[in-house]
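> predicted structure and sequence below. I'll ask about it afterward.
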Amino acid sequence: MRNTLRMPAALAALAVAAALPASAQDLPGEDKGHSDNVQALSHIQLTDSGFSATDIELEQDMNRPFAYVGRVITEFGFDVFDLSDPSNATLLTSWRIENQDLHQPFGAMDGKIFWDAGRNYYVQSFQFGGDPDLDLGAIVFDVTDLPDPDGVREVARIRAPDMPGGFHNIFIYKHSDGRPLLLTTTNGGVVNMYDLRKVVAGEDGLAGAIPIPEGMATGNPPFGVPFYHDMYAAYDPATGQDKFYGGGTGGYHIYDISDTDAPAHLFSIAGIPTVPWGHTFTPSPDGRYAVGEVEHQYSPLRIFDLGPGQSGEAKTINRSIAAWTADWKNLQHNHEVRWPYVFVSGYEDGLWVFSLEDPENPTTVAHFDTYPGPPGIGLCADNKCNGAFGVDVRNEDGLIVISDSWTGFWTFRMDGFDGWNGEDYGMPNLSSVQDWENGPAPREATD
């Protein structure tokens with residue numbers, strides 16, 4: 001490589017991925033089967049062998065039954081699936097970046113949709129290990145014309161030449177001031193915020209940056225440099241604030257981003273020896289509890305009580321109140337919270353669902369093994385990062401989708417889960433799903 005991939009979350013992974021044996025899917029593995037209350041509706045294998053798929057994004061409008069999956073390692077782009085009939089999902093179209101043979105892995109990492117001014121958009125993040133496009137962070141596509149197979153039109157590219165290495169993760173949030181904000185990881189130890197209206201209009205669109213809190217920016221194992229890995233943003237009706245929840249150096253950090261020009265650090269989850277850094281971090285709809293992941297073997301998902309931090313009583317929270325794991329020998333990757341349920345893409349363990357009805361006693365609800373292949377041939381230092389990579393949930397009808405890095409695209413139903421609205425559970429109707437038409441309630445002055 002002329003240039004090295006500097007995004008901390010991906011260090012050393014490329015060589016491992018390239019070394020995965022083509023015949024590995026034929027080796028014996030442990031198939032954990034599935035619980036009786038979850039049914040696989042569709043399965044589409046994306047490649048004959050190898051690590052090929054990353055995150056998944058599911059459109060929420062029932063009139064737009066589309067899902068998007070990023071492609072990496074050997075193909076750089078994304079696939080679009082038609083879920084008009086979830087029991088008979090089909091590959092609708094694919095997009096690949098130009099000059100495939102000149103690009104170096106990873107590829108397309110994370111994807112998110114947004115709606116603005118009557119148009120539908122899909123944003124795909126990229127992370128390349130060298131020229132060309134070492135500075136390419138994301139591409140914005142107008143997908144309004146789907147299901148026309150030619151209905152994917154590139155409208156803008158977001159580059160970060162001062163912090164090359166791409167965007168490992170992204171999140172799109174409808175800010176209470178009305179702007180659709182793209183939040184991105186960077187190689188500069190900050191999360192960048194972009195005004196997508198300006199980006200679509202051909203402008204730079206950079207709207208602010210969220211730093212690692214002071215005192216934690218000196219780096220820590222395993223990466224040695226300050227970084228954010230994953231992020232989430234949500235409106236807090238109790239305080240009238242737009243809040244950022246990020247996992248990275250030192251643990252998990254919460255900011256007030258109501259003023260994107262001046263993000264204000266509220267509190268952190270830090271000082272926990274077994275949590276040297278944060279990966280995925282998602283709060284409950286009311287912001288009281290949160291689920292946190294650390295990406296190393298034997299590490300469970302941890303449940304945190306954010307109450308002392310949200311109330312201003314504590315600047316640092318240094319203990320969890322509970323933990324959950326599918327298999328103590330493995331680790332889980334991403335998750336989606338639809339309170340009280342947590343939907344997990346569990347790498348070698350496949351799809352898992354657990355309940356936080358009692359946050360101090362998480363209980364398993366359902367599971368389906370999408371990766372019955374051999375253990376220990378994936379990414380990460382422990383070779384455990386293979387299998388169910390991404391998960392998403394359609395709130396309208398409860399459809400569940402999984403992107404498995406090895407076995408491809410899946411759709412599921414879980415008995416008794418026919419859709420989700422937070423108000424049915426005594427919660428604000430807030431999740432990773434955004435109300436693009438109305439947005440969160442406008443900010444109001446608080447006492």
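It's in.

> wait, a strand at H43?
Yes. Under DSSP: H, G, I helix; E, B strand; the rest coil, H43 falls within a strand.

> tell me the secondary structure for the closest residue to it other than its chain neighbours?
Distance criterion Cβ to Cβ, 6 or more residues apart in numbering; nearest residue to H43, sequence neighbours excluded, is W410 at 5.3 Å. The way it works is simple: take the backbone N, C-alpha and C, and place the C-beta from them, glycine included. Recorded secondary structure, W410: strand (three-state DSSP).

> partners of W410 in the sheet?
Listed by DSSP bridges, the beta-bridge partners for W410 are H43, I402.

> read off the pLDDT value for it.
Confidence at W410, expressed as pLDDT, is 98.

> name the nearest residue to D162, ignoring sequence neighbours.
D162's closest residue in space is G188 (Cβ to Cβ, 6+ apart), at 7.2 Å.

> now do that neighbour against G137, distance only.
11 Å (Cβ to Cβ, to the nearest Å).

> who touches both of these two?
A160 (Cβ atoms under 8 Å, 6 or more residues apart in numbering).

> show me where pLDDT drops low in the protein?
1-30, 49, 217-224, 441-447 (pLDDT under 70).

> please enumerate the helices of it.
13-18, 196-200, 307-310 (DSSP state H).

> mind listing what's buried in the second one?
Going by neighbour count (16 or more other Cβ atoms under 10 Å), the buried part of helix 196-200 is 196-197, 199-200.

> burial count for the residue nearest to H43?
Applying other Cβ atoms under 10 Å, we find 23 residues neighbouring W410.

> show me the contacts for it.
Neighbours of W410 in contact, by Cβ under 8 Å, 6+ apart: 40, 42-44, 351, 368, 370, 401-404.

> and the furthest pair within the buried residues of helix 196-200?
R197 and V199 (7.3 Å; Cβ to Cβ).

> who touches both of those two?
G205.

> mind exporting stretch 367-377 as PDB, just the C-alpha atoms?
Extracted in PDB, the C-alpha atoms of stretch 367-377 (Å, rounded to 0.1, in the frame of the first residue of the first chain):
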ATOM      1  CA  HIS A 367     -32.600 -16.000  18.300                       C
ATOM      2  CA  PHE A 368     -31.700 -17.300  14.800                       C
ATOM      3  CA  ASP A 369     -28.200 -18.400  13.800                       C
ATOM      4  CA  THR A 370     -27.300 -16.900  10.400                       C
ATOM      5  CA  TYR A 371     -23.700 -18.000  10.600                       C
ATOM      6  CA  PRO A 372     -23.300 -21.700  11.100                       C
ATOM      7  CA  GLY A 373     -19.800 -21.600   9.700                       C
ATOM      8  CA  PRO A 374     -16.500 -22.200  11.500                       C
ATOM      9  CA  PRO A 375     -15.500 -20.000  14.400                       C
ATOM     10  CA  GLY A 376     -12.400 -17.800  14.600                       C
ATOM     11  CA  ILE A 377     -11.900 -16.900  10.900                       C
END
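
> any buried residues in that stretch, and which?
Neighbour-count burial for stretch 367-377 flags 367-375, 377 (criterion: 16+ other Cβ under 10 Å).

> do the same with stretch 51-66
51-60, 64-66.

> got the CA coordinates for that stretch in PDB?
Below are the C-alpha coordinates for stretch 51-66, written out as PDB (Å, rounded to 0.1, in the frame of the first residue of the first chain):
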ATOM      1  CA  PHE A  51     -16.300 -11.700   3.900                       C
ATOM      2  CA  SER A  52     -18.400  -9.400   1.700                       C
ATOM      3  CA  ALA A  53     -21.200  -7.500   3.500                       C
ATOM      4  CA  THR A  54     -21.200  -4.800   6.100                       C
ATOM      5  CA  ASP A  55     -24.100  -2.700   7.500                       C
ATOM      6  CA  ILE A  56     -27.700  -2.700   6.500                       C
ATOM      7  CA  GLU A  57     -30.300   0.100   6.300                       C
ATOM      8  CA  LEU A  58     -34.000  -0.500   6.000                       C
ATOM      9  CA  GLU A  59     -36.400   2.200   4.700                       C
ATOM     10  CA  GLN A  60     -39.300   2.800   7.100                       C
ATOM     11  CA  ASP A  61     -42.000   3.900   4.600                       C
ATOM     12  CA  MET A  62     -44.100   0.900   3.700                       C
ATOM     13  CA  ASN A  63     -44.500   2.400   0.200                       C
ATOM     14  CA  ARG A  64     -40.700   2.200  -0.100                       C
ATOM     15  CA  PRO A  65     -39.900  -1.400   0.700                       C
ATOM     16  CA  PHE A  66     -36.100  -1.200   0.200                       C
END
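
> so what's A160 closest to, chain neighbours aside?
G137 (5.0 Å).

> that neighbour is in contact with F126, isn't it?
Yes. Counting by Cβ atoms under 8 Å, G137 touches F126, with 6.7 Å between them.

> need the overlap of contacts for the two.
Common neighbours of G137 and F126 (Cβ under 8 Å, 6+ apart) are 166-167.

> just to revisit the earlier point, go through the buried residues of stretch 51-66 and name the one nearest Y347.
Checking the buried residues of stretch 51-66 against Y347 by Cβ to Cβ gives F51 as the nearest, at 11.4 Å.

> what's the distance between the closest one and T407?
F51 is 11 Å from T407, by Cβ to Cβ.

> got it, and E437?
Taking Cβ to Cβ, one finds E437 at 36 Å from T407.

> of the two, which one has the most company?
Using other Cβ under 10 Å as the criterion, E437 and T407 rank with T407 on top: 24 against 8.

> need the contact list for that one.
Applying Cβ under 8 Å, 6+ apart, the residues near T407 are 25, 43, 45, 370-371, 373, 387.

> for L41, give me its contacts.
86-87, 89, 411-413.

> just the buried ones from those?
86, 89, 411-413.

> could you pull out the strands in the stretch 201-350 of the chain for me?
206-211, 228-236, 241-248, 251-256, 264-270, 281-283, 289-292, 301-305, 316-317, 322-324, 334-338, 341-345 (DSSP state E, counting those that start in this stretch).

> and the furthest pair within the contacts of L41?
Longest span within the contacts of L41, Cβ to Cβ: A89 and R413, 12.7 Å.

> and N334, how close does it get to D162?
28 Å.
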